[in-house]
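**Q** Return a 3D structure for these sequence lines:
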Amino acid sequence: MTSTYSDTPLGPTRAEQKRVRDLHGKKGRREHNAFLVEGGKSVAELLASDWPVLAVYASHEAAPDLRAAVARRGLRLIEVSASLLTSLGTYEHNDSAIAIAGQRSWPLKPLRAGELTLALDDIRDPGNLGTILRLADWYGVTQVLCSPTTAEFCNPKVIAASMGSFLRVPVHEVELPAWLAAQREAGATIAGAVLDGESTHRLKAPFAGGVLVIGNESHGLSDAVQQELTRRLTIPRFGQAESLNAGVATAVLLDLWRRG
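**A** Residues are numbered from 1 along each chain as shown. Below you'll find the model as predicted:
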């Protein structure tokens, strides 16, 4: 992959700074086929992975800790002031590092017994999506499938909330109703989180894997997706809250799967 980001030791030019800031928005990320990874820990994890890296910027203070890892990638670390580093990224304050990561694709995996694919139907909040990726990484989910209206995987807020898990959890965008229909016809369990389903406290049979579908934060699962469910699961409510955060509901159901 050819980088459009300079590795000059004199620091980023104004044009390069503009290209980095272009990555704050979806249009720029698509145009440059790249996205931001911010913060020293996340950048270090990125460099240690097999994910493509196009450029790395670090403050003068943080540079010594990253120089060897950047060199192993065949790049030259670009040192900048902490104030310029902050202005290049989306964090309110960043005195460590920013990396420009290239895009990559994952193979879509077939469903296997005992494994779980997580499907997200119109999850709009980037923080929720990042948290769900982190949960998927924690619980060993095989892959995450997102509807076209789910938040963009490489949104900076998603990357930050995932805490590095975006590096390890395969993410795909698919037309969910059609994909779910094909899996259901093949005999897979398609479980969905709904308000009127089987209580997770009184399951008639364990939830052993297949596909788990989590819906929109406000509206739940779409009608088209609900038609493909073979199992409807409900986390019982004991208080007066109207609903659960999508990330919290995902955590409860992933734990149910692992306990099953």
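
**Q** which residues of the stretch 101-250 of the chain fall in strands?
**A** 116-120, 143-146, 171-173, 190-199, 210-214, 231-234 (DSSP state E, counting those that start in this stretch).

**Q** Format those as CSV; extra columns: distance to F153, mean pLDDT and mean neighbour count.
**A** Any C-beta I mention is one placed from the backbone N, CA and C, and that applies to glycine too. Shown next, in CSV, are the strands of the stretch 101-250 of the chain (distance: least, CB to CB, whole Å; pLDDT from 0 to 100; neighbours: other CB atoms under 10 Å):
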stretch, distance to F153, mean pLDDT, mean neighbour count
strand 116-120, 10, 98, 26
strand 143-146, 7, 98, 22
strand 171-173, 5, 97, 17
strand 190-199, 21, 95, 17
strand 210-214, 15, 98, 24
strand 231-234, 25, 96, 18
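
**Q** what about the ones you listed, which gets the closest to E92?
**A** Among these, strand 171-173 comes nearest to E92, with 26.5 Å by CB to CB.

**Q** So which of the strands of the stretch 101-250 of the chain is nearest A82?
**A** Relative to A82, the nearest member of the strands of the stretch 101-250 of the chain by CB to CB is strand 171-173, separated by 31.7 Å.

**Q** Summarise which helices and strands the closest one is packed against.
**A** strand 143-146 (3 or more CB pairs under 8 Å, 6 or more residues apart in numbering; DSSP states H and E).

**Q** Was I right to think S81 contacts H60?
**A** Yes. Between S81 and H60 there is a contact under CB atoms under 8 Å: 7.1 Å.

**Q** do you know how far L116 is from Y91?
**A** L116 sits 33 Å away from Y91, going by CB to CB, to the nearest Å.

**Q** Same question for A191.
**A** 37 Å.

**Q** Equivalent analysis for I78, please.
**A** Distance from I78 to Y91, by CB to CB: 17 Å.

**Q** Just to check, L118 is in contact with L145?
**A** Yes. Contact criterion CB under 8 Å: L118 and L145 qualify, at 7.2 Å.

**Q** Show me where the stretch 51-200 of the chain dips below the pLDDT cut-off.
**A** The stretch 51-200 of the chain contains no residues with pLDDT under 70.

**Q** And the helices in it?
**A** 63-72, 82-88, 126-139, 156-162, 176-185 (DSSP state H, counting those that start in this stretch).
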